[in-house]
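Undergrad: Predicted model, plus sequence, below.
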Amino acid sequence: MVAYVVTATGNLLIIALSWVDRHLHTQMYLFLWNLSFLELLLVSVVVPKMLVITLMGDRTISFASCIVQSYLYFLLGTTDFFLLAIMSLHRYLAICHPLHYETLMSSRVCSQLVLASWVAGSLWVLCPIILMATLPFCSPNGIEHFLCDSWPLLKLSCGDIRLLDLLAFVFSTSVLLGSLGLTSVSYTCILATVLRNPSAAERRKAFSTCTLHLTVVVIVYGSSIFLYIHLSEAQSLLLNKEASVLSCIVMSLLNPFTFSLRNDKMKQALGDSLRLLQPTAARKL
């Protein structure tokens, strides 16, 4: 409950500041508030039902609601990969090719890239979800998970799932490896450029920022890869649950503080907003 409230508050704060403060109407903050919006939706898809199960003991969910939750979960997760890859490319161009940055990453181009990542995420998972919804399901109908993940759902089907399993593997692997490859190459080039910087202070600042971002990337991709590792059934189930908690809840909690709230302009915008909210008399004092 506390993690959900903090995550929702942090992401809503970033979205509000990015919209209200004109100093944040730049390409980078367009990506950041979209990432915050995505994380807010992701925890809202998963956590409320999990809280109902935990606090009220209601462990039932309709088949339609389960399919919708599964679709939204994978849509948002796939879009997250696309956004992280685009953000890494954006940082690469800003640091390694500053003279061409405004031309290659104009506000219009960034808006189109963000829109494309949302559209691609929604379409990428549509076919596997439709195929999964048409499968015959047999009793027992208990899902060994706190969300309607694809693997626990497929285990309940009494139909032939080989084609769907292969399709899901190809789709997920292509998204994971494609976005991870672009992100890895971008940050490798960024680090190489930073190392050539003669200023030790600038190198430390850049390394500090890159380390935080790379930590998020490693956890996001690492937890997602763990979701597709199948050892014994008990070990796979445990890994699946732990990786889902890490990617859904922990990362949604960390992202606002890692990418946005540690940013100097974001902190300045937050301070300006707090001063504006203070009563006039308090400001005079």
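TA: Sure, I can see it. All values reported here derive from a predicted model rather than from experimental measurement.
Undergrad: pretty sure H90 is touching S107, no?
TA: No. The criterion here is Cβ atoms under 8 Å, and H90 misses it with S107 at 11.9 Å. For glycine as for every other residue, the C-beta is placed from the backbone atoms N, C-alpha and C.
Undergrad: neighbour-wise, which of the two wins?
TA: Counted by other Cβ atoms under 10 Å, H90 and S107 do not tie: H90 has more neighbours, with 21 against 12.
Undergrad: Would you agree the more buried one falls within a helix?
TA: Yes. Assessed by DSSP: H, G, I helix; E, B strand; the rest coil, H90 belongs to a helix.
Undergrad: So what does D149 have for phi and psi?
TA: Dihedral pair for D149: phi -80, psi 160, per degrees, to the nearest 10.
Undergrad: likewise F137?
TA: phi -110, psi 140.
Undergrad: Now do the contacts for it.
TA: F63, L156, S157, C158 (Cβ atoms under 8 Å, 6 or more residues apart in numbering).
Undergrad: Apart from its chain neighbours, what residue comes closest to the first one?
TA: In other words, F63. Counting by Cβ to Cβ, 6 or more residues apart in numbering, F63 lies nearest to F137, which is 7.6 Å off, once chain neighbours are set aside.
Undergrad: do the second one as well
TA: When the adjacent residues along the chain are set aside, L156 lies closest to F137, with 5.2 Å between them (Cβ to Cβ, 6+ apart).
Undergrad: who does the one you found bridge with?
TA: For F137, the beta-bridge partners are S157 (DSSP bridges).
Undergrad: how near is it to Y101?
TA: Distance, F137 to Y101, by Cβ to Cβ, to the nearest Å: 51 Å.
Undergrad: Same check on A269?
TA: 22 Å.
Undergrad: More neighbours: which of these two?
TA: Using other Cβ under 10 Å, the more surrounded residue of A269 and Y101 is A269, with 22 against 16.
Undergrad: contacting residues around the more buried one?
TA: A269 makes contact with L17, V20, D21, H23, L24, according to Cβ under 8 Å, 6+ apart.
Undergrad: Also K49?
TA: I61, Q69, F146, L147.
Undergrad: how about a cut-off of 7 Å?
TA: By Cβ atoms under 7 Å, 6 or more residues apart in numbering, K49 lies in contact with I61.
Undergrad: Now do it against Y4, distance only.
TA: 12 Å.
Undergrad: Pop out the phi and psi values for the residue most central in space within the chain.
TA: Note on the chain: the residue nearest the mean C-alpha position is D80, at 3.9 Å, using Cα atoms, centre = their mean. Dihedral pair for D80: phi -60, psi -40, per degrees, to the nearest 10.
Undergrad: Hmm, it is touching L38, no?
TA: Yes. Using Cβ atoms under 7 Å, D80 makes contact with L38 at a distance of 5.8 Å.
Undergrad: From L84, how far off is H213?
TA: 9 Å.
Undergrad: Show me which of the two is the more surrounded one.
TA: Taking neighbours as other Cβ under 10 Å, H213 and L84 compare with L84 leading, 24 against 19.
Undergrad: quick one: contacts for that one?
TA: Applying Cβ under 7 Å, 6+ apart, we find L84 in contact with S179, T183, V217, V220.
Undergrad: What does it show for phi and psi?
TA: The phi/psi pair for L84 (degrees, to the nearest 10) is phi -60, psi -40.
Undergrad: separation between it and C158?
TA: For L84, the distance to C158 - Cβ to Cβ - is 37 Å.
Undergrad: how about low-confidence regions in the stretch 151-285 of the chain?
TA: 205-209, 211-212, 223, 226-265, 270, 273-274, 276-285 (pLDDT under 70).
Undergrad: now the stretch 1-150 of the chain
TA: Low-confidence segments of the stretch 1-150 of the chain (pLDDT under 70): 1, 139-140.
Undergrad: From L24, how far off is C96?
TA: Taking Cβ to Cβ, one finds C96 at 24 Å from L24.
Undergrad: Chain neighbours aside, what residue packs nearest to L131?
TA: Nearest to L131 is L164, by Cβ to Cβ, 6+ apart, at 5.0 Å.
Undergrad: Equivalent analysis for I14, please.
TA: Per Cβ to Cβ, 6+ apart, closest to I14 is S36, 4.2 Å.
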